[in-house]
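> Got a sequence here, can you build the structure:
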Amino acid sequence: MKLLAKFNLILLVVFGVGGLIISQLAHSWLQDDAKQKVTDQAKLMLASSKSIRDYVDHDISPILVPLEQTRFLPQSIPFRVANSTFSYLHKSYPDYTYQETALNPTNPEDRPADWEIDVIKDLRDHPSETEISQVRPTSMGPSLFIARPIHAMQDCLHCHGWPSAAPKSMIDRYGPDNGFGWTLGDVIGAQIVTIPMSVPIQEANHAWLQLLLFLIGVMIVAILALDAAVYWFVIRPLKLVSETADRVSRGEKDVNPVRVTSKDEIATVASSFNRMQVSLAKALKMVEED
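Sure, this is the predicted structure:
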């Protein structure tokens, strides 16, 4: 195997191992970054929901609650308003969902799905947990959800303690069977926001592919540049020394010495060969004179 081939093989191994390590680290980083982007979007939706709930609780409910003696007004319930508001967002972004759901809701529309029931029970069984974040498969691909517990507060018990204490207008609308028996401080439901990860993952994979192509391009250019340098500064001078040595070994007398223009190791080899050539010429001349 020629010197240049050996050199290229070493470069391919070094660049291949280095490129593999870099690509794996980059892939992991890009996937984590995609997940972080989705997480940030989910937390922004949760913050928006809290703003809506706080606005309804502080500014809307005090106005509407006194009117509920004759007619039930769901606009006075932060729980309901948050769900209704994000239902409009769902029309524009059908893959984005926000749900405030309870294990025993007054409104049947607020009943959780099977997987949401498991999440609520997990939050209820682990009171120290303030948030659950996981990726789950869906029909639209993997989606990330963040769930935060909803606790029964004192204001909630005015309507959800016992049917006898609830507003008559609410009983007339939903009946006395659901949404009651809540206990102060208990986890009765959860705020759950779900955001698809397909687009961020596609962007991460696209960026990773671009990085791979860039690394391959850099490797090819680097190998070509190093090959040219090795040939010009190593192989070419050695080839010249080898050709000169062949001519001397065949008995040619008028062989010009190897030209030395640099001061590196190759130049040292060439200088040594030139001295050997001169010494050999002198020795041959002495033999001929005898």
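> Could I get the average pLDDT for the longest helix seen in the chain?
When the chain is scanned for its longest helix (criterion: DSSP state H), the result is helix 3-55. Here helix 3-55 scores 86 as its mean pLDDT.
> Distance from the chain centre to it, please.
The chain centroid and the centroid of helix 3-55 are separated by 4 Å under Cα atoms, centre = their mean, to the nearest Å.
> which stretches of the protein form helices?
With helices called from DSSP H, the chain shows them at 3-55, 61-64, 78-92, 114-125, 154-160, 168-174, 198-230, 236-249, 265-289.
> Of those helices, which is nearest L103?
Set against L103 and scored by Cβ to Cβ, the helices of the chain come closest in helix 114-125, at 5.7 Å. All C-beta atoms are positioned from the backbone trio N, CA, C, and that covers glycine.
> Show me what the closest one is packed against.
Using 3 or more Cβ pairs under 8 Å, 6 or more residues apart in numbering; DSSP states H and E, the elements in contact with helix 114-125 are strand 97-102, strand 132-138, strand 141-151, strand 187-196.
> ok, back up a step: report the angle between the axes of the longest helix of the chain and strand 132-138?
Angle, helix 3-55 to strand 132-138, by axes from the mean of the first three to the mean of the last three Cα atoms, to 10 degrees: 110 degrees.
> gap between A225 and Y231?
Per Cβ to Cβ, to the nearest Å, A225 is found 11 Å from Y231.
> Neighbour count: these two, which is higher?
Legend: neighbour count by other Cβ atoms under 10 Å for A225 and Y231, higher for Y231 (14 against 10).
> quick one: which of the helices of the chain is nearest S133?
Evaluated over the helices of the chain, closeness to S133 peaks at helix 3-55, with 6.6 Å, by Cβ to Cβ.
> thinking again about what came up before, quick one: which of the helices and strands packed on helix 114-125 is nearest N256?
N256 lies closest to strand 141-151 among the helices and strands packed on helix 114-125, at 73.0 Å (Cβ to Cβ).
> List the buried residues in that closest one.
Buried residues in strand 141-151, defined by neighbour count with 16 or more other Cβ atoms under 10 Å: 143-151.
> can you redo those residues as a markdown table with pLDDT?
Formatted as a markdown table, the buried residues of strand 141-151 follow (pLDDT from 0 to 100):
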| residue | pLDDT |
| --- | --- |
| S143 | 88 |
| L144 | 90 |
| F145 | 91 |
| I146 | 92 |
| A147 | 92 |
| R148 | 91 |
| P149 | 92 |
| I150 | 88 |
| H151 | 87 |
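> re the thing from before, orientation of the longest helix of the chain relative to helix 78-92 in degrees?
Using the same axes, to 10 degrees: helix 3-55 against helix 78-92 is 140 degrees.
> name the helices or strands packed onto helix 3-55?
For helix 3-55, the packing partners by 3+ Cβ pairs under 8 Å, 6+ apart come out as helix 78-92, strand 97-102, strand 132-138, strand 141-151, strand 187-196, helix 198-230.
> That'll do, ta.
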